[in-house]
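Student: coords please:
(one chain, ligands or ions: 1)
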Amino acid sequence: MQRYIVTGGARLEGSVDVSGAKNAALPILAASLLSDKTCVISNVPILSDTRTMLEVLKRLGVEVNFENNRCTINSVNLKPAKVDEELMRKMRASSLVLGPLLSRLGHVRMSYPGGCSIGSRPIDLHLKGLRKMGARIEERHGYLEAKANKLKGTEIYLDFPSVGATENIMMAAVLAEGTTIIRNAAREPEIIDLQNFLNSMGAKIEGAGSGVIVITGVNGFVSAEHRVIPDRIEAATLMIGAAITKGNVLIKDAVYNHLEPVIAKLQEAGLEIIQEKEGIRVIGKEKIYPIDVKTLPYPGFPTDVQPQIMALLALADGTSIVTENVFDGRFKHVNELRRMGANIQVEGRVAIIKGTSRLTGAIVEATDLRAGAALVLAGLAAEGVTVVEEIEHIERGYEGLEVKLATLGAQIKKE
Ligand code: UD1
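Tutor: Residues are numbered from 1 along each chain as shown. So this is what the prediction gives:
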């Protein structure tokens with residue numbers, strides 16, 4: 001098991017590049033299953049999650065070449081599909097192959113994705129949408145089997161704007177007969193990126209980024225090339241790194257409008273944020289103001305930045321309130337932050353954070369991806385040495401986090 005050793009106190013300074021977005025790359029890699037033509041996808045982050053998705057594809061007979069953040073994928077020899085159970089358990093986003101496989105092959109068998117450390121994550125909305133399009137789905141003994149001769153366009157209202165359900169339905173609908181309309185669709189920038197990739201393959205989709213997405217079925221695709229958008233969650237993590245160390249960092253390639261919900265809150269906390277030609281500059285200040293944060297689907301504040309902003313607020317000058325509205329169990333980082341001296345109380349979905357003037361280094365555990373990032377950030381600001389264990393969770397979603405932070409002057413090493 002590897003771990004990060006972080007010695008706190010160094011200000012982050014300089015500039016850093018943002019990698020391609022994990023949460024855009026995963027559905028786009030899954031979408032390449034739809035086509036029998038070659039897809040070239042660049043700016044794919046090198047992460048254990050993207051490698052897992054590529055492994056899922058390979059075991060389905062797909063030819064994959066992944067070099068220097070560039071993936072060439074050809075699914076012409078796609079085999080009748082049973083998705084590998086172990087890979088399914090390893091990464092919930094493996095369920096994103098359901099829509100494309102059902103649409104292309106008319107038959108999929110996969111294990112039902114299990115629980116997750118950030119809360120229950122059912123896929124009922126994915127299945128409800130696919131059933132409405134005519135899929136017959138049986139769920140038994142932890143497995144699900146989906147069949148459809150030809151999916152049919154229809155209107156689907158999502159009870160909650162689920163990112164994964166929106167993506168799975170979009171991917172299923174591109175080869176369906178007729179028009180599919182998704183109402184109360186997720187509006188995340190990653191959904192727009194998926195639309196752009198699918199359209200570059202020859203799909204007909206409009207409306208991604210709004211609550212209504214209209215997909216007109218087509219019969220086939222052309223070869224496509226696509227560059228994945230920059231990772232807004234990684235960018236936000238680095239921005240908070242600048243804030244918590246009172247540093248001055250230019251985050252290159254970060255897209256300002258994708259980050260507006262985070263920028264608004266960081267400005268309220270007293271940071272100076274400047275939109276520059278190359279990216280976003282964050283200038284940390286001596287005093288961190290307490291703020292209230294409520295996570296919501298985009299364009300609300302992202303749940304994937306909730307742990308990191310909590311690390312910052314642990315050092316604010318007063319009491320902050322963080323409400324987690326998206327996942328039901330996403331406060332695992334609280335206990336670990338407490339070990340470092342943070343004063344945080346949790347009641348249900350609400351965390352009350354009484355700012356303290358200093359955190360101290362401790363041995364802590366990355367319980368999940370973003371919780372792990374929050375602990376690294378806390379370690380950057382803490383007095384003494386913080387050991388972050390179980391960093392394989394962090395490496396699921398951050399490409400060389402320790403290298404990027406070290407380039408900015410952080411005292412961090414992996415061992
Ligand atoms: C995606 C992101 C994840 C992010 C999340 C919310 C990827 C690969 N992952 O996850 O990083 O934290 O969006 O922004 O893009 N739900 C249901 N039934 C369903 C589907 C979802 O009840 O069928 C619930 C979930 O339990 C959760 C909420 O809806 O409480 C949000 O989930 P969803 O938007 O689907 O997140 P994911 O696509 O899993």
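
Student: Leaving out the residues flanking it, which one is nearest to Met171?
Tutor: The shortest distance from Met171 to any non-neighbouring residue, by C-beta to C-beta, 6 or more residues apart in numbering, is to Gly99 (3.9 Å). Heads up, the C-betas are built off the backbone N, CA and C, glycines and all.

Student: Report pLDDT for that neighbour.
Tutor: Note on Gly99: pLDDT of 96.

Student: contacting residues for it?
Tutor: Ala30, His126, Leu130, Glu167, Asn168, Ile169, Met170, Met171, Ala172 (C-beta atoms under 8 Å, 6 or more residues apart in numbering).

Student: any idea whether the third one is helix, strand or coil?
Tutor: To tie it back to what came earlier, the one meant is Leu130. helix (DSSP: H, G, I helix; E, B strand; the rest coil).

Student: So it sits against Met171, correct?
Tutor: No: counting by C-beta atoms under 8 Å, Leu130 stays clear of Met171, with 10.3 Å between them.

Student: what mean pLDDT does stretch 17-29 have?
Tutor: 98.

Student: The closest residue in space to Arg51 that isn't next to it in sequence: which element?
Tutor: For Arg51, ignoring the flanking residues on the chain, the nearest one in space by C-beta to C-beta, 6+ apart is Phe66 at 7.8 Å. Counting by DSSP states H and E, the element that carries Phe66 is strand 63-67.

Student: I would like the residues contacting that strand, please.
Tutor: Residues beyond strand 63-67 that count as contacts (C-beta under 8 Å, 6+ apart) turn out to be 44, 46, 50-51, 54, 57-58, 71-77.

Student: Give me the buried positions along that strand.
Tutor: Val64, Phe66 (16 or more other C-beta atoms under 10 Å).

Student: Which SSE is immediately downstream of it?
Tutor: Following strand 63-67 in sequence, per DSSP H and E, is strand 70-74.

Student: coming back round to it: which one of the contacts of strand 63-67 is nearest Gly348?
Tutor: Thr50 (34.4 Å; C-beta to C-beta).

Student: Wasn't that closest one part of a helix?
Tutor: Yes: under three-state DSSP, Thr50 falls within a helix.

Student: Tell me the strands beside the lowest-mean-pLDDT helix or strand in the chain, with direction?
Tutor: The weakest-scoring helix or strand in the chain, judged by mean pLDDT, DSSP states H and E, is strand 81-82 (a mean of 76). Paired strands of strand 81-82, with direction, are strand 107-111 (parallel) (DSSP bridges).

Student: And the contacts of the partner strand?
Tutor: Looking at strand 107-111 with C-beta under 8 Å, 6+ apart, the contacting residues turn out to be 80-83, 85, 88-89, 94-95, 97-98, 101-102, 142-147.

Student: Apply the buried test to these and list what passes.
Tutor: Counted by 16+ other C-beta under 10 Å, those give Ala81, Lys82, Val83, Met88, Ser94, Ser95, Val97, Leu98, Leu101, Leu102, Leu144, Ala146 as buried.

Student: if I look at the fifth one, how far off is Lys287?
Tutor: Counting by C-beta to C-beta, to the nearest Å, the separation of Ser94 from Lys287 is 44 Å.

Student: The second one too?
Tutor: For Lys82, the distance to Lys287 equals 57 Å [C-beta to C-beta].

Student: what about stretch 28-39, near the ligand?
Tutor: No: Stretch 28-39 stays clear of the ligand (C-beta under 6 Å from any ligand atom), getting no nearer than 9.8 Å.

Student: same thing with stretch 160-174?
Tutor: Yes: remark: stretch 160-174 sits within contact range of the ligand at Phe160, Ser162, Val163, Gly164, Ala165, by C-beta under 6 Å from any ligand atom.
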